[in-house]
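**Q** the sequence isn't on hand, but the structure is:
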């Protein structure tokens, strides 16, 4: 790697930046952006372990699986996983929206109920006026009732049309939900196969990882192979780097090695010490 | 009751969270679906889910099914007779041939 600083260039497989004021995250970002650090592109192993900072946690199984991938190992479910991912990427379920149709039905229903009530109220008034022999008044109210009946019939037609529209929207929604169903099943399948792949890949490096845990400085031990680890997470992170094939520099912010070159040698990876 | 069905991982997770924190309103939980009490709180929870996850949340209102009121005698009797048949391998269509029990086609055409 080649690191460009204000006061000059540093290069090699082990670069010491402890005399600068960079934070581990800043340096890690520079490795990723190939900004002022010129180096190979970091991969999934870096995402899992770099920067190695005291006190941070490591998802050992996932990191170990990434290490296995970096070595070109595959899992028996890779094809299925790729297929499910591809299908998932091509799946674009149409939207499900019956809200407008539901609102229309509800509003038409409300108006219809209100009008029906008004019609029966007017009928009552017509009858009362007729009984009271107020024929003139009764005729006027009757006209009003006739108008209300006409309006009611219009609203009823609208309500029926709205219900039909809602039925058809629900049919469309059902088809859209079938696609969503499929998507959910695929998402579950991807998650499931990823887990299987991860377990397989981690298991493939189990004994190497246990050896690496012993080989790197710091306390820790494998309790439940492949990924059951007890101890300082920094030890686990270093052991993962040691078993992985890493080309991009790993950012080390931990006191485990006397010199960066010793770290690079023991880990089998380029390192930047911060 | 309100039937809530979810159609994405995120919606399913939210439903799980809602179910754990509102046990009193949740009548029953199924993997990605649940039945809520038909209360305004049930409606609030359902609408919150829909607000958050849109089309990935389906909300339906369910009614109890009373076979004595909601299904004709012929259907009830056919179901009982078929489940008590002698040969378990006989499909329903074959079972009803030549009997008074309704055929699958006829059943399919008739709304409850």
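**A** Noted; the coordinates are in hand. Note that the structure is predicted; figures quoted are calculated from it, not measured.
**Q** who in chain B is up against chain A?
**A** With the criterion set to CB under 8 Å from any CB of the partner chain, chain B comes near chain A through B:7-9, B:12, B:32, B:54-56, B:58. The C-beta positions use only the backbone N, C-alpha and C, and glycine is treated the same way.
**Q** quick check on those: which are buried?
**A** In terms of neighbour count (16 or more other CB atoms under 10 Å in any protein chain shown), the buried residues within these are B:7-9, B:12, B:32, B:55-56, B:58.
**Q** export these as JSON lines, with columns for secondary structure and pLDDT.
**A** Shown next, in JSON lines, are these (DSSP: H, G, I helix; E, B strand; the rest coil; pLDDT from 0 to 100):
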{"residue": "B:7", "secondary structure": "coil", "pLDDT": "94"}
{"residue": "B:8", "secondary structure": "coil", "pLDDT": "93"}
{"residue": "B:9", "secondary structure": "helix", "pLDDT": "94"}
{"residue": "B:12", "secondary structure": "helix", "pLDDT": "96"}
{"residue": "B:32", "secondary structure": "coil", "pLDDT": "95"}
{"residue": "B:55", "secondary structure": "helix", "pLDDT": "90"}
{"residue": "B:56", "secondary structure": "helix", "pLDDT": "93"}
{"residue": "B:58", "secondary structure": "strand", "pLDDT": "95"}
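**Q** from the residues you listed, which two are the most distant?
**A** Every pair in those was compared (CB to CB); the two farthest apart turn out to be B:9 and B:58, at 15.6 Å.
**Q** contact partners for residue 50?
**A** Here I'm looking at chain A. Neighbour list for residue A:50: A:28, A:31, A:42, A:250-251 [criterion: CB atoms under 8 Å, 6 or more residues apart in numbering or on different chains].
**Q** meant chain B, my bad for not saying
**A** With CB under 8 Å, 6+ apart, residue B:50 has these contacts: B:57, B:59.
**Q** the helices in chain A, which residues?
**A** A:24-33, A:44-49, A:60-70, A:78-90, A:99-131, A:135-204, A:206-215, A:233-243, A:260-267 (DSSP state H).
**Q** and the fourth one, what's buried?
**A** Of all the residues in helix A:78-90, those buried under the rule 16+ other CB under 10 Å are A:78, A:80-81, A:84.
**Q** can you show me the helices along chain B?
**A** Taking DSSP H as the criterion, chain B carries its helices at B:9-21, B:40-53, B:67-70, B:73-83, B:92-96, B:104-109.
**Q** need those helices in a markdown table (columns: distance to residue A:273).
**A** Converted to a markdown table, these look like this (distance: least, CB to CB, whole Å):
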| stretch | distance to residue A:273 |
| --- | --- |
| helix B:9-21 | 41 |
| helix B:40-53 | 46 |
| helix B:67-70 | 76 |
| helix B:73-83 | 76 |
| helix B:92-96 | 76 |
| helix B:104-109 | 75 |
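**Q** and these: which comes nearest residue A:210?
**A** helix B:9-21 (34.5 Å).
**Q** what is the closest one packed up against?
**A** In terms of contacts (3 or more CB pairs under 8 Å, 6 or more residues apart in numbering or on different chains; DSSP states H and E), helix B:9-21 is packed against helix A:135-204, strand B:2-6, strand B:26-29, strand B:33-36, helix B:40-53.
**Q** what lies in contact with that helix?
**A** When contacts are defined by CB under 8 Å, 6+ apart, helix B:9-21 is touched by residues A:184, A:187-188, A:191, B:4, B:6, B:26, B:29, B:31-34, B:45, B:48-49, B:52-53, B:56-57.
**Q** now the buried members of those residues.
**A** A residue is treated as buried here by neighbour count (16+ other CB under 10 Å); on that basis the buried members of those are A:184, A:187, B:4, B:6, B:26, B:29, B:32, B:34, B:45, B:49, B:53, B:56-57.
**Q** now find how far off-centre stretch A:5-12 is within its chain.
**A** On the basis of CA atoms, centre = their mean, to the nearest Å, stretch A:5-12 is displaced by 39 Å from the centre of the chain it belongs to.
**Q** next: stretch A:118-134.
**A** With CA atoms, centre = their mean as the basis, the mean position of stretch A:118-134 lies at 66 Å from the chain mean.
**Q** quick one: contacts of it?
**A** With CB under 8 Å, 6+ apart as the test, stretch A:118-134 has contacts from A:135, A:137-138, A:141-142, A:144-145, A:148-149, A:152.
**Q** what residues does the stretch 101-250 of chain A put near chain B?
**A** Residues of the stretch 101-250 of chain A lying near chain B by CB under 8 Å from any CB: A:173, A:176-177, A:180-181, A:183-184, A:187-188, A:191.
**Q** tell me the two of those that are most distant?
**A** Within these, A:173 and A:191 form the most distant pair, 26.1 Å apart (CB to CB).
**Q** quick check: mean pLDDT of stretch A:102-117?
**A** Mean pLDDT, stretch A:102-117: 93.
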